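Colleague: Sequence isn't available, so here's the structure alone:
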């Protein structure tokens, strides 16, 4: 969205150059023959880069989580490969065919459904190596392959459970996956993609990159696990900001917001910020987090509301209606700090900023 089209004082700025920088830094970790499949599920982790053809067209294959996410890429004109990471529902098979999507496959029941189609559907076989979620076990591989008559196997993949903190378990998963790859490639020739590494794996297990990797949070410039930024030069792509829309001075003993969870201990200047939990601001930030008002930190006071929250700007003399407020600016407040304040991870905060917040691309 263009700046001139924005009327709401709350926006997320997303930086295209930082995104490109992160891609180049990831490439430095890879072999020259390894393909990057950026993961752009959940509206590209909340950045909405997936809605810009000029951005997605830089890649030969895009990874998404749902069939509808793949269809949205087709609607903006992306004609290259789209891989749906998760095995879809039976009801989505017609959409898969109509939009020429490649899908993850992990159950015999779903295989039987797609085998009924008049034309072959392209699939990547998902191997269960220890994630405990979905996938084909080693014991199921040969019987599974016998069921395939027309579906085209173009890839083999798995997902690592703990590549950020459990090396021995990850090595065990990789060993299982390698065995699966050897079993499948003896039966199926010309497998196009073999992939296992997402963000943490790219950094910590580069020898297991095979010929495709699936970076997610790395491409958006935030830590996928603690300490990652010490191993790769990342530039955060997103900043979330709003403005003060109302200020009032209140007496000592004044309760702020729902439930009277905060009561002023002195005469105070309270500012209202027009962004709330319906926009993705966590209620867990109530009464113990802060934002940047102008260039100073101001504590959030009272419960976060659906459409707004309040901050104490008593000690910020320049604060007035229209003053910028940063929920995170990647400097005085980082996304990692916000996630820590909310006792969660960067993924959840970034992808949780709702559609109500306009995104502005910064070139």
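Modeller: Right, received. Where do you want to start? On a predicted model such as this, the values are computed, not experimentally measured, just so you know.
Colleague: List the neighbouring strands of the strand or helix carrying residue 126 plus their orientation.
Modeller: Residue 126 is part of strand 122-126 when elements are defined by DSSP states H and E. Note on strand 122-126: by DSSP bridges, its sheet partners are strand 102-105 (parallel), strand 152-157 (parallel).
Colleague: Let me see the residues that make contact with the first one.
Modeller: Taking CB atoms under 8 Å, 6 or more residues apart in numbering as the criterion, the residues outside strand 102-105 that touch it are 67, 81-88, 96, 111, 114, 121-126, 134, 151, 154-155, 157. Placement of C-beta: from N, CA and C, glycine included.
Colleague: same question for that strand, mean pLDDT?
Modeller: Across strand 102-105, pLDDT averages out at 97.
Colleague: Check which element follows that strand along the chain.
Modeller: Heading C-terminal from strand 102-105 (DSSP H and E), you reach helix 108-114.
Colleague: name the helices or strands packed onto that next one?
Modeller: helix 93-98, helix 141-147 (3 or more CB pairs under 8 Å, 6 or more residues apart in numbering; DSSP states H and E).
Colleague: Give me the longest helix you can find in this structure.
Modeller: helix 167-187 (DSSP state H).
Colleague: Tell me the helices and strands packed up against the helix or strand following that one.
Modeller: Of the helices and strands lying after helix 167-187 in sequence (DSSP H and E), the nearest is strand 193-195. The helices and strands touching strand 193-195, judged by 3+ CB pairs under 8 Å, 6+ apart, are strand 152-157, strand 212-213.
Colleague: Can you tell me what sits against strand 193-195?
Modeller: By CB under 8 Å, 6+ apart, the surrounding residues in contact with strand 193-195 are 35, 37, 61, 124, 154-157, 181, 210-214.
Colleague: ok, 6 Å please
Modeller: Where contact means CB atoms under 6 Å, 6 or more residues apart in numbering, the residues beyond strand 193-195 that reach it are 155, 156, 157, 181, 210, 211, 212.
Colleague: average pLDDT across that strand?
Modeller: 98.
Colleague: now stretch 55-73
Modeller: 98.
Colleague: from the contacts of strand 193-195, which would you call buried?
Modeller: Among these, the ones that count as buried by 16 or more other CB atoms under 10 Å are 155, 156, 157, 181, 210, 212.
Colleague: can you put those residues in a markdown table and add pLDDT and distance to residue 15?
Modeller: Listed next are those as a markdown table, based on pLDDT from 0 to 100; distance: CB to CB, whole Å:
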| residue | pLDDT | distance to residue 15 |
| --- | --- | --- |
| 155 | 98 | 32 |
| 156 | 98 | 35 |
| 157 | 98 | 30 |
| 181 | 97 | 38 |
| 210 | 97 | 31 |
| 212 | 98 | 26 |
